[in-house]
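**Q** Need the 3D shape of this:
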Amino acid sequence: METGKLPGSVLEKLVFSKIRKVHDEILISPGLGLDCSAIDFGEYACILSCDPITGTAKEIGRLAVHINCNDIASCGVAPLGLLAVILCPSGSSEEELETIMDQLTEAARSVNVDILGGHTEITGAVNRFVITCTAVGKCLKDRIISAAGAKPGDSLVITKHAGLEG
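**A** Okay, the predicted model is just below:
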């Protein structure tokens, strides 16, 4: 397979077709074009999303916060916090990790989210820094905005240019 995002057909065949919903509390399950999942907690729903930053080393901490918080915001929800996994290549310096953490914490502060935890390690499995974050938000269950159920012909309102990732 080629480097980059998987084609939708491959995602459907090899990923989504394997996932089975076990709990009725799952309001939004994984699917093509769906960046968030939602879990029913009574009157409220917990909105979750995760994304890695793999394509750049510059501003990786800042991008990890903004890309993941944007996914939560796309559901009409203010993000509350982030879990961050930072994989450091062998030979990384403390200064490099400190720079990434400074970017991560400053970006989190700028969008008013807490760093809730995560994991940091040095590993031979990567040849450059990789960050994966999971963003969490909360909203009234009946206020979730989702692309789930969208179909060809539906109207789409765009206030600025359309962005493309990957």
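**Q** Can you get me a residue count around the residue nearest to Thr105 when sequence neighbours are not counted?
**A** Of all residues not flanking Thr105 in the chain, Ile115 sits nearest, at 6.4 Å (CB to CB, 6 or more residues apart in numbering). In short, each C-beta sits where N, CA and C put it, glycine included. Residues near Ile115, counting by other CB atoms under 10 Å, number 16.
**Q** for Thr123, same thing?
**A** 11.
**Q** residues touching it, list them.
**A** Contacts for Thr123 were tallied using CB atoms under 8 Å, 6 or more residues apart in numbering; they are Leu87, Cys88, Pro89, Ser90.
**Q** What subset of these is buried?
**A** Leu87, Cys88 (16 or more other CB atoms under 10 Å).
**Q** Filter the contacts of Thr123 down to just the ones in strands.
**A** Among the contacts of Thr123, the members found in strands (DSSP state E) are Leu87, Cys88, Pro89.
**Q** just those residues now: which is nearest Phe129?
**A** Using CB to CB, the shortest approach to Phe129 within the ones in strands among the contacts of Thr123 belongs to Cys88, at 5.9 Å.
**Q** how close does the closest one get to Ile67?
**A** Distance of Cys88 to Ile67, given as CB to CB, to the nearest Å: 20 Å.
**Q** before we move on, what about Ser92?
**A** Distance from Ser92 to Ile67, by CB to CB: 22 Å.
**Q** what does Leu140 give?
**A** According to CB to CB, Leu140 stands 25 Å off from Ile67.
**Q** more neighbours, those two?
**A** Neighbour tally, Leu140 and Ile67, criterion other CB under 10 Å: the higher count belongs to Ile67, 18 against 10.
**Q** neighbours around the closest residue to Arg143 other than its chain neighbours, how many?
**A** Nearest residue to Arg143, sequence neighbours excluded (CB to CB, 6+ apart): Gly76, at 6.3 Å. A count of nearby residues for Gly76, using other CB under 10 Å, gives 13.
**Q** Got the confidence number for Gly76?
**A** Looking at Gly76, its pLDDT reads 90.
**Q** Tell me how far it lies from Ile47.
**A** 9 Å.
**Q** Which residue, other than its chain neighbours, is closest to the residue most central in space within the chain?
**A** With distances taken as CA atoms, centre = their mean, the residue of the chain nearest its centroid is Cys50 (2.7 Å). Sequence neighbours aside, Thr134 is the residue nearest to Cys50 in space, at 4.1 Å (criterion: CB to CB, 6+ apart).
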